[in-house]
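Peer 1: have a look; sequence and predicted model below, questions after that.
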Amino acid sequence: MASEAELKAAGDKYIPKDYAPTLYKLRHSLAHVLAQAVVEKFPQAKPTIGPPIEYGLYYDFDLDVNPTDGELEWIANRMKQIIKGKHPFKVREISADEGRELFKDNPYKIELIDGLTKGKDEYGDAASGSGGAATITVYQQDTFVDLCRGPHVETTGDLDPKAFKITQVTGSYWRGKSDNKMLKRFHATAWASADDLKAHLARVEEAAKRDHRKVGRELELFSNEQVFGAGFPMLLPKGATVRRLLEQFITDYERKAGYLHVYTPDAAKVELYKISGHWDHYKDSMFPQMDMGESDNEDEDLVLRPMCCPHHIQVYKSKPRSYRDLPIRIAELGKMYRYERSGVVGGLSRVRCMTLNDAHLFVRPDQVKQEIAGVLALMKKAYADLGITEYRFRLSKNDDPATPLPPGKESKYANNPAMWESSIKMLRDVLTESGLPFYEAWNEAAFYGPKIDVQVKDTMGREETLSTIQADQHLPEQFKLEFKDSDDTPKRPVMIHRGVISTMERMMSYLIELYAGAFPVWLAPVQVAIVPIADRHFEFAQQLGASLTEKDYRVDVDLGTGRMQAKIRDAQLMKVPYVLVIGDKEMAANAVAVRLRTGEDLGAKPVAEFEAMLEQVVKSRTLKLVP
């Protein structure tokens with residue numbers, strides 16, 4: 001198994017920090033086996049780079065043909081033959097000039113070698129440490145030689161020929177830059193055993209069924225229209241209902257917790273973001289500034305906001321503050337804009353315009369722990385109501401002092417070591433005193449301060465950040481925020497940034513996949529579908545629908561011409577929790593025949609009994625359909 005040092009030496013930026021070293025080596029080695037097979041099938045192909053990644057590996061080739069299914073099958077079979085050949089992975093160190101001669105017919109490898117000698121990594125970025133490489137290493141298995149730092153397994157025989165699968169071939173620009181040539185990227189998933197592969201493929205299949213883009217389209221929640229551009233999804237009526245419910249849910253919780261809600265502008269002058277530091281640290285992720293033709297001064301140009309914190313600071317500064325006023329909790333469903341490349345946006349989870357459940361708390365230093373503990377309690381309560389039960393906490397810090405920055409590269413974090421040490425201690429103390437299990441990670445903080453990140457798992461088991469709590473002593477200093485203390489002297493408040501349920505878009509995408517579209521009853525866009533069997537039952541059905549709607553339930557009365565069973569099936573496919581069927585018997589008894597979206601038939605129930613059940617389920621926010 002590779003040591004931690006070996007793993008760091010491998011240097012692949014796409015490998016998760018807790019990635020298993022054994023799988024790293026297996027996948028890294030299989031990438032070389034894949035490259036050998038591809039080059040044997042297509043001698044004109046020029047290999048570029050092929051790293052291990054989460055769930056597998058890829059390898060990019062300069063190749064002008066599109067491989068057919070038959071050719072991919074040939075490549076997979078050839079890989080199995082290479083594995084069974086038990087060829088050793090042999091490493092040797094050579095000079096850069098020897099490398100240039102060895103790879104003289106491959107301009108991509110030459111570019112890599114030139115970069116390595118100048119202190120750059122395989123992606124063209126500055127590498128940590130000083131100076132460039134005097135020598136390079138190459139690995140060989142069988143007849144294939146590749147530029148590589150390793151590590152690898154001992155022989156190809158250490159790989160399981162039944163534990164990998166070529167999944168697809170896509171396009172990818174060399175080094176991710178659109179002005180470079182488009183390459184062919186061969187993707188494969190690889191595991192330690194055939195059973196692990198089988199389990200992974202089952203997860204992939206289940207994740208595909210739950211994909212919020214697929215479910216959102218089928219349930220008519222949202223759509224992505226080309227006329228709006230990439231990253232700007234359109235919520236349809238049902239999706240808008242879910243969002244409205246989420247907004248009411250969290251703002252009600254915040255109001256009861258003493259938050260003050262505001263509306264602030266979606267744009268501001270460049271000057272504001274220069275003071276906050278976003279212009280220096282975040283400009284590449286912001287939309288271009290808008291020259292309104294009113295001034296030659298760049299600071300007067302407008303720009304769409306990437307975050308709400310500078311705006312909420314203006315709320316704090318709108319009048320003098322006393323120590324008695326603090327804590328002040330400013331909240332907003334704030335619309336923000338991030339300029340992400342069109343190739344990475346999609347669905348609701350990666351968008352260019354988002355609405356964050358945002359808040360900023362301005363507190364005295366002696367109030368920090370209590371207020372952060374209050375935010376954690378609010379977050380846990382909200383998660384419980386949303387049915388989110390599996391998550392863990394990460395203390396996200398700034399640069400790792402054990403890993404020096406490359407020469408000439410500046411830190412992306414505010415330069416105030418004492419502030420960082422103090423803020424990290426604040427968050428660590430709160431987590432420790434709260435008895436919450438957490439882990440720490442370098443290089444994951446915001447540029448102005450450390451964070452508590454709430455990590456959840458998606459349908460593939462991958463971790464992502466859903467909620468954050470940040471301790472910030474930097475922005476109060478930048479904006480010269482003050483409050484009058486008990487001794488009548490001005491003091492700096494501490495600023496706590498927090499987003500309890502993330503952006504509305506991200507939370508919706510997460511919940512869609514968590515429930516595969518079958519939302520808890522309180523959150524379902526349509527809670528009750530009423531299906532009258534014949535025309536003579538229409539009036540009763542409409543009256544019942546109107547009565548339930550008046551009581552603030554969301555009801556759809558199906559007066560279409562289809563057959564009853566088809567209507568029931570349609571409602572169940574749309575994940576409507578309850579389907580109420582009305583015929584002669586039900587109408588005579590003022591009752592309804594209740595079907596659940598799961599297919600279960602509860603039989604006939606008096607209308608009053610069903611309403612009581614519905615009220616109990618909705619008010620309790622239970623995940624059950626029957627209390």
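Peer 2: Arrived safely. None of the values given here were measured: they were computed from a predicted structure.

Peer 1: can you list the buried residues in stretch 528-548?
Peer 2: Buried positions in stretch 528-548, judged by neighbour count with 16 or more other CB atoms under 10 Å: 528, 529, 530, 531, 532, 533, 537, 540, 541, 544, 545, 548. Heads up, the C-betas are built off the backbone N, CA and C, glycines and all.

Peer 1: just give me the neighbour total for the spatially closest residue to residue 105 that is not a sequence neighbour.
Peer 2: Among residues not flanking residue 105 along the chain, residue 46 sits closest, at 7.8 Å (CB to CB, 6 or more residues apart in numbering). Look at residue 46: counted by other CB atoms under 10 Å, it has 17 neighbours.

Peer 1: quick revisit: JSON lines for the buried residues of stretch 528-548, including distance to residue 488?
Peer 2: Output for the buried residues of stretch 528-548, formatted as JSON lines (distance: CB to CB, whole Å):
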{"residue": "528", "distance to residue 488": "61"}
{"residue": "529", "distance to residue 488": "65"}
{"residue": "530", "distance to residue 488": "67"}
{"residue": "531", "distance to residue 488": "71"}
{"residue": "532", "distance to residue 488": "73"}
{"residue": "533", "distance to residue 488": "78"}
{"residue": "537", "distance to residue 488": "76"}
{"residue": "540", "distance to residue 488": "72"}
{"residue": "541", "distance to residue 488": "70"}
{"residue": "544", "distance to residue 488": "66"}
{"residue": "545", "distance to residue 488": "64"}
{"residue": "548", "distance to residue 488": "60"}
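
Peer 1: now the two most distant members of those residues.
Peer 2: The most widely separated members of the buried residues of stretch 528-548, counting by CB to CB, are 533 and 548 (18.6 Å).

Peer 1: now do the same contact list for the residue most central in space within the chain.
Peer 2: Centroid-nearest residue in the chain, with CA atoms, centre = their mean: residue 464, separated by 5.0 Å. Applying CB atoms under 8 Å, 6 or more residues apart in numbering to residue 464 gives the contacts 455, 456, 457, 458.

Peer 1: where does it land in three-state SS?
Peer 2: strand (DSSP: H, G, I helix; E, B strand; the rest coil).

Peer 1: which residues does it bridge with?
Peer 2: With DSSP bridges as the criterion, residue 464 is bridged to residue 456.

Peer 1: next, count neighbours for the nearest residue to residue 89 once chain neighbours are set aside.
Peer 2: Closest residue to residue 89 apart from its sequence neighbours, by CB to CB, 6+ apart: residue 152 at 4.1 Å. For residue 152, the neighbour count with other CB under 10 Å is 25.

Peer 1: check residue 437 too.
Peer 2: Residue 437: 7 neighbours (other CB under 10 Å).

Peer 1: separation between it and residue 510?
Peer 2: 21 Å (CB to CB, to the nearest Å).

Peer 1: the helices in the stretch 451-600 of the chain, which residues?
Peer 2: 474-478, 504-515, 538-550, 564-573, 584-588 (DSSP state H, counting those that start in this stretch).

Peer 1: elements contacting the fourth one?
Peer 2: Based on contacts counted as 3 or more CB pairs under 8 Å, 6 or more residues apart in numbering; DSSP states H and E, the elements that helix 564-573 packs against are strand 528-532, strand 578-582.

Peer 1: run the angle between the first one and helix 538-550 for me.
Peer 2: Compare the direction of strand 528-532 with that of helix 538-550 by axes from the mean of the first three to the mean of the last three CA atoms, to 10 degrees and you get 170 degrees.

Peer 1: partner strands of strand 528-532, with direction?
Peer 2: strand 555-557 (parallel), strand 578-582 (parallel).

Peer 1: and residue 180, which of these is closest to it?
Peer 2: Nearest of the strands paired with strand 528-532 (CB to CB): strand 555-557, 51.5 Å.

Peer 1: give me the residues contacting the closest one.
Peer 2: 526-530, 532, 541-542, 544-545, 548-549, 571, 576.

Peer 1: contacting residues for residue 451?
Peer 2: Residues in contact with residue 451 (CB under 8 Å, 6+ apart) are 395, 396, 427, 444, 445, 468, 469, 470, 471.

Peer 1: among those residues, which are located in strands?
Peer 2: Judged by DSSP state E, these include 395, 396, 468, 469, 470, 471 as members of strands.

Peer 1: where does the stretch 501-627 of the chain have low pLDDT?
Peer 2: The stretch 501-627 of the chain contains no residues with pLDDT under 70.

Peer 1: what does the chain give?
Peer 2: Confidence mapping of the chain against pLDDT under 70 gives the ranges 1-20, 120-134, 407-408.

Peer 1: just the helices of the stretch 451-600 of the chain: most buried one?
Peer 2: helix 504-515 (a mean of 23; mean count of other CB atoms under 10 Å).

Peer 1: for residue 538, which non-adjacent residue is closest in space?
Peer 2: Residue 538 sits nearest to residue 532 (CB to CB, 6+ apart), 5.3 Å away.

Peer 1: thinking again about what came up before, got TSV for the contacts of residue 464, with distance to residue 519 too?
Peer 2: Shown next, in TSV, are those (distance: CB to CB, whole Å):
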residue	distance to residue 519
455	23
456	17
457	19
458	17
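
Peer 1: residue 60 in helix, strand or coil?
Peer 2: Secondary structure state of residue 60, per three-state DSSP, is strand.
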